[in-house]
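K.L.:
attaching a predicted model along with its sequence, questions to come.
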Amino acid sequence: MNFAITKEQLLPPLVIVSSVIERRQTLPILSNVHLKIIGNQLTLTATDLELEMSAKGEIESSSGDLEITIPARKLLDICKAAPTDCLIKIEVIENKVRLQTGRAKFALISMDAREYPNIAVSGEVTRVEITNTELKKMLGLTHFAMAQQDVRYYLNGLFLDVTENMLTVVGTEGHRLAMAKSAITINGSPRNLIVPRKAVMEMMRLLDDSDEVALLTLADDHFTFQNEAVVFKSKVIDGNFPDYERVIPTGVNNKVCCSRGELKEVLSRVAILANEKYRAVRFKMGDGLLGIMANNQENEEAEEDLEVRYQGDNLEIGFNASYFLDVLSALSTEEVEIHFGDSSSSCLILEPDNVNVQYVIMPMRL
């Protein structure tokens with residue numbers, strides 16, 4: 001069996017699926033990419049048993065339908081090194097795959113395509129339709145609040161809560177919370193699940209700013225993402241996500257309104273002299289000013305005032321500067337609202353006149 005494909009046809013889908021493959025594998029076949037040819041259609045698939053990625057392309061010619069596996073990293077390197085507009089000829093002889101790119105020839109060991117694992121989705125599913133743009137925006141507003149390798153495994157991902165007409169995405173690592181909501185089209189019953197961090201980051205890499213529809217499929221133990229370029233399936237995290245609605249402060253009476261960009265600049269400057277480990281800064285509010293102060297273990301200090309619109313009592317409270325900067329970087333509005341309780345209460349950060357995007361940051365003892 002043999003087929004031919006140009007470098008420009010093979011490289012884009014190969015780059016997409018190769019990101020799933022880990023350098024260290026528990027099974028040798030997981031280092032391979034699965035190629036399936038039907039007619040002139042090529043489907044490339046890669047998996048690490050937790051996440052499975054598939055992308056489609058077209059080939060120039062084929063002697064028939066075919067399924068093979070090829071070492072992914074080697075195939076990717078060969079394809080990248082091939083001359084521009086090169087026709088890649090591939091011939092399969094028993095367990096060997098022979099490739100020719102121009103005058104260069106390669107022989108790689110293949111493994112039985114029938115042994116290639118795949119993720120099966122079973123049971124009742126809920127389907128959600130959302131544009132690439134809106135989903136990319138929601139993930140951008142929340143992904144940074146996910147935990148990384150936390151022993152509380154249910155925090156190492158984003159929580160997707162689907163109701164009759166709304167998708168809520170929530171991330172938290174225990175000290176802060178990010179939440180974004182968007183109207184959606186749903187086919188199925190309300191459902192929620194936790195999407196692992198790796199799947200979230202892959203979605204962010206694949207999403208563009210188009211208004212094309214992405215399809216999300218939520219099952220009991222799997223999550224599927226599909227757009228025109230790619231399909232991927234991911235196992236979900238089995239666990240109980242915290243009740244995010246109970247974490248959001250209510251009835252807070254102290255409110256700051258200010259320029260998002262100016263607050264970000266002031267925080268960035270003051271945080272230069274914050275403790276490198278804890279990144280603590282002190283907020284002091286009153287008389288139309290927000291004073292931000294920091295010091296470190298070397299007794300160095302930084303302080304700067306920012307003019308704000310403030311309603312409430314005089315207040316001093318400490319926060320992790322990095323948490324605030326993450327929020328201010330994720331938002332794109334001109335202004336930002338910050339609601340405070342007392343010096344030991346969490347603060348609530350909002351876009352003006354928009355309750356669909358909310359952030360909660362716990363205070364620090366200084």
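P.N.:
Sure, I can see it. Residues are numbered from 1 along each chain as shown.
K.L.:
from here on, just use CA atoms for contacts and neighbour counts.
P.N.:
Will do.
K.L.:
in stretch 331-351, what's buried?
P.N.:
Buried residues in stretch 331-351, defined by neighbour count with 16 or more other Cα atoms under 10 Å: 331, 335-342, 346-351.
K.L.:
which ones among the residues you listed map onto strands?
P.N.:
When DSSP state E is applied, those are split such that 335-340, 347-351 fall in strands.
K.L.:
list the helices and strands the worst-scoring helix or strand of the chain on mean pLDDT packs on?
P.N.:
For the chain, using mean pLDDT, DSSP states H and E, the weakest element among its helices and strands is strand 61-62, scoring a mean of 89. Counting contacts by 3 or more Cα pairs under 8 Å, 6 or more residues apart in numbering; DSSP states H and E, strand 61-62 packs against strand 2-6.
K.L.:
show me where the stretch 51-200 of the chain has strands.
P.N.:
Using DSSP state E, counting those that start in this stretch, the strands of the stretch 51-200 of the chain run over 51-58, 61-62, 66-71, 87-93, 96-101, 104-109, 126-131, 157-162, 166-172, 176-183, 185-187, 191-196.
K.L.:
quick one on the thing from earlier: and the ones in strands among the buried residues of stretch 331-351, which is closest to Arg365?
P.N.:
Nearest to Arg365 among those, counting by Cα to Cα, is Cys347 at 14.0 Å.
K.L.:
without its sequence neighbours, what residue ends up closest to that closest one?
P.N.:
Phe340 (4.8 Å; Cα to Cα, 6 or more residues apart in numbering).
K.L.:
please report the distance of that neighbour from Tyr359.
P.N.:
Distance of Phe340 to Tyr359, computed by Cα to Cα, to the nearest Å: 12 Å.
K.L.:
shared neighbours, the two?
P.N.:
Leu348 (Cα atoms under 8 Å, 6 or more residues apart in numbering).
K.L.:
which non-adjacent residue is nearest Val125?
P.N.:
Closest residue in space to Val125, ignoring its immediate chain neighbours: Ala219 at 4.6 Å, by Cα to Cα, 6+ apart.
K.L.:
just to check, that neighbour is in contact with Ala120?
P.N.:
No. Between Ala219 and Ala120 there is no contact under Cα atoms under 8 Å: 10.7 Å.
K.L.:
more neighbours: the two, which one.
P.N.:
Applying other Cα atoms under 10 Å to Ala219 and Ala120 shows that Ala219 carries more neighbours, namely 20 against 10.
K.L.:
and Ala229, what does it touch?
P.N.:
55-56.
K.L.:
from Asp65, how far off is it?
P.N.:
In this view, Ala229 and Asp65 are 22 Å apart by Cα to Cα.
K.L.:
and Asn295, how many neighbours?
P.N.:
Asn295: 20 neighbours (other Cα under 10 Å).
K.L.:
any idea what it is bridged to?
P.N.:
Beta-bridge pairing for Asn295 (DSSP bridges): Glu301.
K.L.:
do you know how far it is from Glu58?
P.N.:
For Asn295, the distance to Glu58 - Cα to Cα - is 59 Å.
K.L.:
ditto for Leu328
P.N.:
As judged by Cα to Cα, Leu328 and Glu58 stand 43 Å apart.
K.L.:
show me which of those two is the more surrounded one.
P.N.:
Leu328 (21 against 16).
K.L.:
and the helix or strand containing the more buried one, what does it pack against?
P.N.:
Assessed by DSSP states H and E, Leu328 sits inside helix 321-330. If you count contacts as 3+ Cα pairs under 8 Å, 6+ apart, helix 321-330 packs onto helix 132-142, helix 260-270, strand 354-361.
K.L.:
what do you get if the cut-off is 7 Å, keeping everything else the same?
P.N.:
In terms of contacts (3 or more Cα pairs under 7 Å, 6 or more residues apart in numbering; DSSP states H and E), helix 321-330 is packed against helix 260-270.
K.L.:
what does the helix it packs on rub up against?
P.N.:
By Cα atoms under 7 Å, 6 or more residues apart in numbering, the residues outside helix 260-270 that reach it are 293-294, 302-304, 321, 325, 328, 334-336.
K.L.:
kindly report the same for stretch 332-340.
P.N.:
Identification of contacts with stretch 332-340 by Cα under 7 Å, 6+ apart yields 252-260, 346-352.
K.L.:
ok, stretch 355-366 next?
P.N.:
Outside stretch 355-366, the residues touching it (Cα under 7 Å, 6+ apart) are 175-181, 248, 317-320, 344-351.
K.L.:
start to end distance for it?
P.N.:
Distance between the two ends of stretch 355-366: 30 Å, counting by Cα to Cα.
K.L.:
pLDDT averaged over it, what's the number?
P.N.:
Averaged over stretch 355-366, pLDDT sits at 93.
K.L.:
how about it: buried residues?
P.N.:
Using 16+ other Cα under 10 Å as the test for burial, stretch 355-366 gives 357-364.
K.L.:
many thanks, we can stop here.
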